[in-house]
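Student: mind folding the following:
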Amino acid sequence: MKKIGVTDRLSFLILAVFYSITFLVGFFHVTNQKTTDRTHRSDSKKLIHLVLIQFQPSISSSDLQLVSDGAYSLQQIEGVEELNFGQNTSPEGLNKGYTHSLTMKFNKAVDRDSIYLPHPIHQNFVKLFVPLTESVLVYDYWE
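Tutor: Numbers count the residues shown, from 1 in each chain. Predicted structure coming up:
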């Protein structure tokens with residue numbers, strides 16, 4: 001049998017330490033990345049604020065334009081991430097009289113509850129909007 005020299009032993013030790021460190025760095029990097037991905041996914045959930053609107057039959061096109069302009073002015077409020085105001089286009093006929101919707105996205109419930117709802121722009125919109133409606137349905141959920 002051949003005897004292993006000091007140089008061979010030292011080389012083997014250096015290789016073992018190198019591969020061990022490489023394995024540990026890779027393991028902790030992947031584990032940290034999975035944790036970050038999970039955190040990012042939960043942070044990326046949005047609170048959807050959906051308002052279905054049934055306007056009075058006598059609403060004029062100019063009043064409807066005022067409501068549309070007022071709806072889009074809500075984008076100025078801090079915390080409103082996305083906003084869309086639109087007319088129902090479903091061919092199913094299941095809208096139960098609701099002809100328009102207002103949809104907003106928030107990152108946090110506090111943005112809706114403490115910033116958006118009491119904000120003067122929102123309050124002014126409500127004063128304009130509500131008298132022109134027959135019925136309003138508000139539905140919020142997390143996506």
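
Student: break down this structure into its helices, ranges please.
Tutor: 6-43, 61-73, 109-110, 120-129 (DSSP state H).

Student: what's the last one packed up against?
Tutor: Using 3 or more C-beta pairs under 8 Å, 6 or more residues apart in numbering; DSSP states H and E, the elements in contact with helix 120-129 are helix 61-73. Glycine gets a C-beta too; all of them are placed from N, C-alpha and C.

Student: how about residues contacting the helix it packs on?
Tutor: If you take C-beta atoms under 8 Å, 6 or more residues apart in numbering as the criterion, helix 61-73 is touched by 55, 83, 85, 102, 121, 124, 125, 128, 129, 132.

Student: what two of these have the greatest distance between them?
Tutor: 55 and 121 (20.8 Å; C-beta to C-beta).

Student: higher neighbour count, those two?
Tutor: residue 55 (19 against 15; other C-beta atoms under 10 Å).

Student: who's in contact with the residue nearest the centre of the chain?
Tutor: The central residue of the chain, meaning the one whose C-alpha is nearest the mean C-alpha position (C-alpha atoms, centre = their mean), is residue 46 at 2.5 Å. By C-beta under 8 Å, 6+ apart, residue 46 lies in contact with 81, 82, 105, 106, 107, 142, 143.
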